[in-house]
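Engineer: would you be able to build a 3D model of this:
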Amino acid sequence: MDYWISHNNVQQGPYSLQQLRSMWQQGQLNGTSYYYDNIRVEWLLVRSLLESAKGLFTVEEAFVRLGQNRLKGCLSIFNREEVMHLYVENGFVIYATSKKEQGEFALARALALEQANYEWFEDAKAPAMNLRKNIAEYAAKHSMGRDIPSTGPAARKLNTVAIAKAFVGRTENKPSFNYILVSEEPPIVTLRLPKMNNVVGREDTCDVVVNERQVSRKHCLLEVWEQHVKVKDLDSSNGTFVNGLVVQDGFLKVGDELGLGTYKMILQKEQKKAPSMG
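Structural biologist: Numbers count the residues shown, from 1 in each chain. Here you go, the predicted structure:
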């Protein structure tokens, strides 16, 4: 997530959370610096943001905790260059994928990704199964999370309350930019995703109307997140594809290809203007 800040009545940004931490440590921000909160739609103290962010899990901690519970979903690990998707069920990674790698290679690369962040997509269904790795065993083998308790009351608190707070808190943020879909072939068509949840299809009542024969009346649902767009096929006739792979549930990042049948579009973004202080 990117943040707009106001310091000495001057608006600046967008900045990442890591950049804000660095600016705070260097004295460029102080107790009178504010950031814009897209959930509350107001300006709040940067100090409160940085203090609350101390409790967020690292990628490694989030991964290890998924081996200590029975959650089902997708852990998306990403930095500015790439994104990896680890589908998890009952303490196992059952599908790992990226644009370049699959299976165990994708899993290893995801956990070694530098300057990485993550998002958790509850109940996301794996498009297939390309491995079955016990997370607890994998973490032990690679000496991960040795300081994270796995039994007793402290562990139960970390595995339920803390992980839910960290994951769920990330799902509500409105992006600081607009997502758009641009057709690959002429005539070039640009479609904006106007809502947080967008039905895409041929019907005029859809949020995003694509008037192509191979597109179903209600083809798929696009759910807008800060770092990704979640894709859900709505029982379309010709299928929904992400980078050529047919999906029931999947994820798009900027530069990825969305296929509605044979009609292909690329996900891009355009920046919004900074909100004004009242």
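Engineer: let me see the mean pLDDT of whichever strand or helix holds residue 84.
Structural biologist: Per DSSP states H and E, residue 84 falls inside strand 83-89. Here strand 83-89 scores 92 as its mean pLDDT.
Engineer: just the buried residues of stretch 220-231, please?
Structural biologist: Using 16 or more other C-beta atoms under 10 Å as the test for burial, stretch 220-231 gives 220, 221, 222, 223, 224, 225, 226, 227, 228, 229, 230, 231. Just so you know, the C-beta spots here come from the backbone N, C-alpha and C atoms, and that holds for glycine as well.
Engineer: can you redo the residues you listed as TSV with secondary structure, pLDDT and distance to residue 257?
Structural biologist: Below are the buried residues of stretch 220-231 laid out as TSV (DSSP: H, G, I helix; E, B strand; the rest coil; pLDDT from 0 to 100; distance: C-beta to C-beta, whole Å):
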residue	secondary structure	pLDDT	distance to residue 257
220	strand	93	14
221	strand	92	18
222	strand	93	14
223	strand	88	18
224	strand	88	18
225	coil	83	18
226	coil	76	21
227	coil	76	17
228	coil	83	14
229	strand	89	12
230	strand	87	16
231	strand	89	11
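Engineer: tell me what the top strand by length along the chain is packed against?
Structural biologist: For the chain, the longest strand by residue count, based on DSSP state E, is strand 263-271. Packing partners of strand 263-271 (3 or more C-beta pairs under 8 Å, 6 or more residues apart in numbering; DSSP states H and E): strand 177-183, strand 257-260.
Engineer: distance from it to the middle of the chain?
Structural biologist: The chain centre lies 16 Å from the centre of strand 263-271; the measure is C-alpha atoms, centre = their mean, to the nearest Å.
Engineer: re the thing from before, just flag the most distant two among the buried residues of stretch 220-231.
Structural biologist: 220 and 226 (20.1 Å; C-beta to C-beta).
Engineer: wait, residue 119 touches residue 228, no?
Structural biologist: Yes: look at residue 119 against residue 228 with C-beta atoms under 8 Å: they come within range, at 6.8 Å.
Engineer: and the helices in this structure, which stretches?
Structural biologist: Secondary structure of the chain (DSSP state H): helices at 17-25, 46-53, 59-66, 103-111, 135-141, 152-157, 163-168.
Engineer: tell me the buried residues in the fifth one?
Structural biologist: When you say that, I think you mean helix 135-141. For helix 135-141, burial by neighbour count (16+ other C-beta under 10 Å) applies to 135, 136, 138, 139.
Engineer: and which of these is nearest to residue 269?
Structural biologist: Distances from residue 269 to the buried residues of helix 135-141, taken by C-beta to C-beta, are shortest for residue 135, at 32.5 Å.
Engineer: for the closest one, which residues are in contact?
Structural biologist: Each residue near residue 135 by C-beta atoms under 8 Å, 6 or more residues apart in numbering is listed here: 63, 64, 66, 67, 88, 91, 92, 93.
Engineer: count of residues packed around the first one?
Structural biologist: Think residue 63. Neighbourhood size, residue 63 [other C-beta atoms under 10 Å]: 24.
Engineer: so how far is residue 47 from residue 231?
Structural biologist: Remark: distance between residue 231 and residue 47 (C-beta to C-beta, to the nearest Å) = 38 Å.
Engineer: oh, I was asking about residue 195
Structural biologist: From residue 195 to residue 47 the distance is 33 Å (C-beta to C-beta).
Engineer: my guess is residue 177 meets residue 270, correct?
Structural biologist: Yes: look at residue 177 against residue 270 with C-beta under 8 Å: they come within range, at 6.2 Å.
Engineer: so which of those two has more stuff around it?
Structural biologist: Neighbours of residue 177 and residue 270, each counted by other C-beta under 10 Å, are more numerous for residue 177; the result is 15 against 10.
Engineer: against residue 271, how distant is that one?
Structural biologist: Distance of residue 177 to residue 271, computed by C-beta to C-beta: 5 Å.
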